[in-house]
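Asks: Here is the input, now give the coordinates:
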Amino acid sequence: MAKIIELEPIKIEARTLADRVSEQIATAIVKGELPPGYKISEPELARQYGISRGPLREAIRRLEGLRLLVRIPHIGARVVSLSTKELLEIYYIREAMEGMAARLAAENMTDAEIASLRQLIEHHETSPDLLENRSYFQKEGDLDFHYRIVQGSKNTKLIELLGGELYHLVRMYRYQFSAASNRPRQALFEHRNIVEAIAQRDGELAEILMRRHVSNSRKNVEQRLQEQQLQESQ
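Replies: So this is what the prediction gives:
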């Protein structure tokens, strides 16, 4: 019995460290600080985050579960790197599913939830990177506009699909390809229009605007990929 009491705080601390570090590494991956294809070095990350290998390995396992890391036999864990085809396929899926989520959000979100969504947009407007039109970074969960819309749909299956396996991959590529021309401010403008359609309980318009918004993001990604390919060929 004494052994159980002695070990329990250690287990709780290990979980706390794993939670914190997995969130920090996830943010580094989303922002491109750990780029696609980057080989994970456990000793390096342990030093960087000031933790032992045990909690770090648990954090890595969680990130593998989120599909931000992939384990390659005889090589180790690397940051996920999607092919152009896989990436664009995700955007087509998003266009259909997030459009549906916006339609349902217009029907099911409470007035308080819509007011909170407006406040979130106002919070995003104060981001230094967005004000300078460099990028549009959204923290995960309730600070993420798209996450809020999906949650607001109140549709369990949509929440599972868009809030689970696809969520972190979408965040990563959404952020990394947002830093182009006028896309960050344009994306914010599109977000505002979607919120207003939801506030007016116009599900059809909300769906059209969300589909157009995701489509615009996809076209931006395609343009960026073409520019990268052109640079690499020169």
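Asks: Please state the offset of stretch 110-129 from the chain centre?
Replies: Offset of stretch 110-129 from its chain centre (C-alpha atoms, centre = their mean, to the nearest Å): 17 Å.
Asks: Name the nearest residue to the residue nearest the centre of the chain, ignoring sequence neighbours.
Replies: Computing the C-alpha centroid of the chain and ranking residues by C-alpha atoms, centre = their mean puts residue 171 first, at 2.2 Å. Sequence neighbours aside, residue 30 is the residue nearest to residue 171 in space, at 5.1 Å (criterion: C-beta to C-beta, 6 or more residues apart in numbering). The way it works is simple: take the backbone N, C-alpha and C, and place the C-beta from them, glycine included.
Asks: Please tell me how far that neighbour sits from residue 63.
Replies: 11 Å (C-beta to C-beta, to the nearest Å).
Asks: List of residues touching stretch 195-209?
Replies: With C-beta atoms under 8 Å, 6 or more residues apart in numbering as the test, stretch 195-209 has contacts from 99-100, 102-107, 109, 114, 117-118, 121, 149, 152, 190, 193-194.
Asks: buried sites along the strand or helix carrying residue 223?
Replies: Taking DSSP states H and E as the criterion, residue 223 maps to helix 203-233. In terms of neighbour count (16 or more other C-beta atoms under 10 Å), helix 203-233 has its buried residues at 203, 205-211, 213-214, 217-218, 220-221, 224.
Asks: just for this structure, where's the confidence low?
Replies: Where the chain drops to pLDDT under 70, the residues are 1-15, 129-143, 165, 175-182, 234.
Asks: which residues in it form strands?
Replies: With DSSP state E as the criterion, the chain has strands at 69-72, 76-79.
Asks: For the first one, buried residues please.
Replies: When burial is assessed from 16+ other C-beta under 10 Å, strand 69-72 yields the following buried residues: residue 69.
Asks: wait, what's in contact with residue 108?
Replies: 152, 153, 154.
Asks: could you pull out the helices for the chain?
Replies: Under the criterion DSSP state H, the chain carries helices at the ranges 2-30, 42-49, 53-65, 84-108, 111-125, 128-131, 145-152, 156-163, 167-176, 183-199, 203-233.
Asks: Rebuild these as CSV, extending it with distance to residue 71.
Replies: Compiled in CSV, the helices of the chain are given as follows (distance: least, C-beta to C-beta, whole Å):
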stretch, distance to residue 71
helix 2-30, 15
helix 42-49, 12
helix 53-65, 6
helix 84-108, 18
helix 111-125, 35
helix 128-131, 32
helix 145-152, 27
helix 156-163, 24
helix 167-176, 16
helix 183-199, 33
helix 203-233, 26
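Asks: Deepest in the core, which of these is it.
Replies: Neighbour counts (mean count of other C-beta atoms under 10 Å) averaged over each of the helices of the chain peak at helix 145-152, with a mean of 22.
Asks: This completes my enquiry, with thanks.
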